[in-house]
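Participant: Any chance you could fold what I've pasted below:
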Amino acid sequence: MNSCFAETAIRALPRLNRLNLSNLKISPTIQLLHLHHLTLGKSTIDELNRIFSQAPQLRSLNISLQGDISSIHHLSPCSQLNRLTLKIDDSRISIAQMERFLPKLTQLIHFELHVKGDHDLADGHRWKILSEGLLTFNFKFEFLSSLDELTLDSFRTEFWLREKHCASFTVKSSYSKDERHWYFDPEFSIRGTRRLIRGTFRCRFYRSTRASSSYDVHIWIEERVS
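Facilitator: Below is the predicted model of the structure:
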């Protein structure tokens, strides 16, 4: 019964527009010419590169990468990809690798990133260059070293506060229940993806004092509500 179902599924793959897979491996001989939306779990860089060649019309991709991702900047992504959710489970990444990878995604306008990374991932000046063409931007960065106010100052610029119009920064220590939020205007703090409708606001940051803590930094950027 399972064998019969698998054969039927394999025959249907080339005709599918949308596909959600957890562990099923796609044969490299199958062309997915009609596939526009793909969710793929527990994949490697090599498997991802093969998917890009098999599904040249891919528009959106949600993928969880495992293993060594040091060659991510060598990928040849689909030219049509406009939405990417990228989760990297057991490997670290640097801003330099993202600077070599993201410019290849010329149509990308929606980007979500969940990753453990180097301290330089909190560089708002370098992310400004990478995110100028994005409509929505959702980060979850985990660092194994502390972040100070000076590091996150790079996000308090005209680009992030006025051009992007809405940002929420949450710093959470893995060793305690403390959370510290950046917020705009003293009378309210932004939680999640709450959007602003005012044109003038200022940003404050309160940080946890534990220097050896591991921090998760969440950043949301969305279009302004008119």
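
Participant: residues in contact with residue 64?
Facilitator: When contacts are counted by CB atoms under 8 Å, 6 or more residues apart in numbering, residue 64 touches 40, 41, 42, 43, 87, 88, 89. Every C-beta, even on glycine, is put in place using the N, C-alpha and C of the backbone.

Participant: buried subset of these?
Facilitator: 40, 41, 43, 88 (16 or more other CB atoms under 10 Å).

Participant: now, which of the residues you listed lie within strands?
Facilitator: Among the buried ones among the contacts of residue 64, the members found in strands (DSSP state E) are 40, 41, 43, 88.

Participant: Count residues in the vicinity of the nearest residue to the first one once chain neighbours are set aside, would you?
Facilitator: Counting by CB to CB, 6 or more residues apart in numbering, residue 63 is the residue found nearest to residue 40 once chain neighbours are left out, at 4.7 Å. Around residue 63 sit 19 other residues, with neighbours defined as other CB atoms under 10 Å.

Participant: looking at this, residue 63 is in a strand?
Facilitator: Yes. Assignment of residue 63 by DSSP: H, G, I helix; E, B strand; the rest coil places it within a strand.

Participant: Specify the beta-bridge partners of it.
Facilitator: Per DSSP bridges, the residues bridged to residue 63 are residue 40, residue 86.

Participant: how much space between it and residue 109?
Facilitator: Per CB to CB, to the nearest Å, residue 63 is found 18 Å from residue 109.

Participant: my guess is the residue nearest to residue 40 contacts residue 89, does it?
Facilitator: No. Counting by CB atoms under 8 Å, residue 63 does not reach residue 89; the two are 10.8 Å apart.

Participant: Now tell me which of the ones in strands among the buried ones among the contacts of residue 64 the prediction trusts least.
Facilitator: Across the set of these, residue 41 stands lowest in pLDDT, at 84.

Participant: so who does it touch?
Facilitator: Listed by CB under 8 Å, 6+ apart, the contact partners of residue 41 are 21, 22, 23, 63, 64.

Participant: now do 10 Å
Facilitator: Counting by CB atoms under 10 Å, 6 or more residues apart in numbering, residue 41 touches 20, 21, 22, 23, 24, 62, 63, 64, 65, 66, 87, 89.

Participant: so which of those residues comes closest to residue 127?
Facilitator: Minimum distance to residue 127 across these is 18.2 Å, recorded for residue 87 (CB to CB).

Participant: In this structure the closest one contacts residue 93, no?
Facilitator: No. Here residue 87 lies out of contact with residue 93, judged by CB atoms under 10 Å, at a distance of 11.3 Å.

Participant: what residues do these two have in common as contacts?
Facilitator: 65, 113, 115.

Participant: Pick the one among those closest to residue 125.
Facilitator: Ranked by distance to residue 125 (CB to CB), those are led by residue 113 at 17.3 Å.
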